[in-house]
Every structure is written in C-alpha cells, then in structure tokens.
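S.K.: here is a sequence with its predicted model. Questions after.
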Amino acid sequence: MTSGQFTALERVDFYLARIEALDRNGPKLNSILEVNPDARDIAKALDEERRSRGVRGPLHGIPMVLKDNIDTADRMMTTAGSLALVGDPPAQDATVAKRLRDAGAVILGKTNMSEWANFRSFHSSAAIPAYLAARRQQQ
C-alpha cells in the first residue's frame, strides 16, 4: 500500500470476497465466525487518513482477523467459540486488539476456534475440532 498499488478498501474487499468464496460458499471451510460489519468503512477512513495525514503505523490499512477469544469493543461478538457468551459484548478492546488498531490495522473478523480454546480441565484430554465449535454450529 505504501507504493499506492492497493488501497485498504481494495484489500478488505479482496479478503471479503475470499471469505465469501471459501468460507460461506464453495468448500465452506468454517474458519471465519464473523466478519466485521464496519470493515469497509474503517478501510475507507484509513485510506482517507493516509491521503490527508500520512501513515498511522506499520499496519496502516492491513486487514487481519483475530481468534474469537480476543475482545473487540465493536459490533462483533467475542465468545471463545461458546454460546454461553453470545449477547455479552466486551466493554473494551483487548490490549492486542487496541495495539493493532492503533497501528492502523483493519480488524476484518473473528476466526473459529474450539469452545473455550479447547480448555476443559487439567484432567481432560477432550479435543473438539474447530469446525465443531458450539457458536459455529448455531449459525
């Protein structure tokens, strides 16, 4: 993007199309739980910021996804793959999410994971594949 070959919006649109083709249709990878409904608007704002004030940080306009156990205080849920946390939005970004945003990243969505990051107990060896995460099964 530094060279001007791509804009943040073009990158976001590219990855949204890939998610649609590979995760929602096609082979249905079930890797993305949720797409940020504001990703395109965020990308547009970052493109304008790049034009008017310069680059915010090293990740300016770069789209990325986070695991579903990283809090983001936006319109996406953070559930750790569990139905128990649906409808309980985080009050603030996790430190990693805040730092990514401060560096200019576009948080494109949340990736699937096994429920509770596969933590069961200290005496359990249960493993549930990511495609069986409870939250994904309800969508």
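M.R.: Received it, and whenever you're ready, just let me know what you need.
S.K.: mind listing what's buried in the helix or strand harbouring M64?
M.R.: Taking DSSP states H and E as the criterion, the element that holds M64 is strand 63-67. Residues of strand 63-67 classed as buried: P63, V65, L66, K67 (neighbour count, 16 or more other Cβ atoms under 10 Å). (Glycine included, C-beta is placed from N, CA and C.)
S.K.: what is the nearest of the residues you listed to R53?
M.R.: Proximity of the buried residues of strand 63-67 to R53 was ranked by Cβ to Cβ; the top entry is P63 with 20.2 Å.
S.K.: hmm, the closest one is touching A39, no?
M.R.: Yes: taking contact to mean Cβ atoms under 8 Å, the distance of 7.0 Å between P63 and A39 places them in contact.
S.K.: intersection of neighbour lists for those two?
M.R.: Listed contacts common to P63 and A39 are V12, V106, L108; contacts here mean Cβ atoms under 8 Å, 6 or more residues apart in numbering.
S.K.: could you check how far the spatially most central residue of the chain is from T2?
M.R.: For the chain, the residue lying nearest the average C-alpha position, counting by Cα atoms, centre = their mean, turns out to be G109 (2.3 Å). From G109 over to T2 the distance is 24 Å, taken as Cβ to Cβ, to the nearest Å.
S.K.: do N30 as well
M.R.: Here the distance between N30 and T2 works out to 34 Å (Cβ to Cβ).
S.K.: I42 too?
M.R.: Remark: distance between I42 and T2 (Cβ to Cβ) = 19 Å.
S.K.: which of these two has more residues huddled nearby?
M.R.: Between I42 and T2, I42 has the larger neighbour count (other Cβ atoms under 10 Å), namely 22 against 9.
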